[in-house]
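Asker: sequence plus predicted model, see below.
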Amino acid sequence: MVAGESMPDGPASPTIRRMRPEAEYFFQEGCFILELANTADDPAVSIARARVTPGVTTRWHRLLGITERYVILEGRGQVAVGDQPPRTVGPGDVVTIPPQCPQRITNTGDVDLVFLAVCTPRFVPEAYQESE
């Protein structure tokens, strides 16, 4: 591929985005978010690192028109998705959450619960809807 040539369903050119830990922010859902990849030039996907502190349960919410996947990296938790009973999750687990499906996660451990939130198409704030 020639530099600058478009890649199918991806950014116009190869890119490397550096993680900026200082850009982490608290999101209304009840967790800390660090956007790793979420730009209009790559609308097919977004990736964020989410961090839930011990004992915290995020708010019930859903994403309109977006499938989300939690890739658990560190810690332990209970995830509730749709009408399913809460399930225990830990490092290496992947939770797939269809569009419009209510979801929340609880950190049941004594260290931060850290996971990647991979959204397709990419997350946009107007897709977030609290469902409590």
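Answerer: Sure, I can see it.
Asker: so what sits opposite the most centrally placed residue in the chain in the bridge?
Answerer: Central residue of the chain (CA atoms, centre = their mean): A117, 1.8 Å from the mean position. Beta bridges link A117 to A48, Y70, judged by DSSP bridges.
Asker: gap between it and T96?
Answerer: Separation of A117 from T96 (CB to CB, to the nearest Å): 12 Å. (Each C-beta comes from the backbone N, C-alpha and C, glycine too.)
Asker: also A127?
Answerer: Applying CB to CB, the value for A127 to T96 is 17 Å.
Asker: between the two, which one's more packed in?
Answerer: Shown here are A127 and T96; by other CB atoms under 10 Å, A127 has more neighbours (17 against 11).
Asker: in contact with that one, which residues?
Answerer: By CB atoms under 8 Å, 6 or more residues apart in numbering, the contact list for A127 reads L63, L64, G65, I66.
Asker: which of the residues you listed count as buried?
Answerer: Neighbour-count burial (16 or more other CB atoms under 10 Å) is assigned, among these, to L63, I66.
Asker: please produce TSV containing the contacts of A127, extended by distance to G90, pLDDT and secondary structure.
Answerer: Listed next are these as TSV, based on distance: CB to CB, whole Å; pLDDT from 0 to 100; DSSP: H, G, I helix; E, B strand; the rest coil:
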residue	distance to G90	pLDDT	secondary structure
L63	23	98	strand
L64	29	98	coil
G65	29	98	coil
I66	24	98	coil
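Asker: of the contacts of A127, closest to E74?
Answerer: The closest of the contacts of A127 to E74 turns out to be L63 (CB to CB; 23.0 Å).
Asker: correct me, but the closest one touches V118?
Answerer: No. With contact defined as CB atoms under 8 Å, L63 and V118 do not form a contacting pair (11.9 Å).
Asker: so what sits opposite the closest residue to E24 other than its chain neighbours in the bridge?
Answerer: Take E24 and drop its neighbours on the chain: the residue closest to it by CB to CB, 6 or more residues apart in numbering is L34, 4.3 Å away. Bridge pairing for L34 (DSSP bridges) gives the partners R49.
Asker: do E74 as well
Answerer: With DSSP bridges as the criterion, the beta-bridge partners of E74 are V114.
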